[in-house]
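In: the following comprises the amino acid sequence and a computationally predicted model.
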Amino acid sequence: MAYFKNLNKYINETVLKLIANQNLCKLLKFNSNNPYAEIDIMDTGELIYSKIFPYSHVPETDKEVGSYLCIILDRFRLTSNQAIKSGQLNIDIIVHNDLWRMNGTGEMRPYAIMHEVDEALNGKIRVGIKDLTFSDCRHVRYNQSYSGFQLTYSIQSVN
């Protein structure tokens, strides 16, 4: 069964798709009121393990002010078909409360990040036997200083 064997590959492909999006990278890297106006990031790979984590990461409230993505594969189960496994790819959008409002754009940073993530992934990357499909989104308060959203995408693979 190749499904679990490929989990690292799926995470890596997802991360590569995300760092290819310059607007998303700017929203994560720059804390300014208009991150879109910042210079392009030449090596977006520098954001891996500093702003984009392929595991759960909640910033320390007293040390860090920033925006982060955490990518987790979760909730693996057999479908009624028994030949298909289903699961979820969860992307946590974690933003310091002081950075939500971007005065220079008229936007809220978490919603802008949500848009860029969905543009990069929804129906555009194959995980298992189907393309990622948006499933749902929920607000999450991670601690007293950080809140954001968890985007969930459905995945399927053979058992």
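Out: Yep, it's here.
In: so residue 68: helix, strand or coil?
Out: Here residue 68 is recorded as strand under DSSP: H, G, I helix; E, B strand; the rest coil.
In: mind giving me the packing neighbours of the least confident helix or strand in the chain by mean pLDDT?
Out: The helix or strand of the chain with the poorest confidence is strand 126-127; it has a mean of 76 (mean pLDDT, DSSP states H and E). In terms of contacts (3 or more Cβ pairs under 8 Å, 6 or more residues apart in numbering; DSSP states H and E), strand 126-127 is packed against helix 7-19, strand 146-158. To be clear about C-beta, it is placed using only N, CA and C from the backbone, and glycine gets the same treatment.
In: the helices in this protein, which residues?
Out: 7-19, 22-29, 109-121 (DSSP state H).
In: contacts for the second one, please.
Out: If you take Cβ atoms under 8 Å, 6 or more residues apart in numbering as the criterion, helix 22-29 is touched by 18-19, 35-36, 38, 40-41, 44, 47, 51-52, 66-69, 109, 112-113, 116-117, 120.
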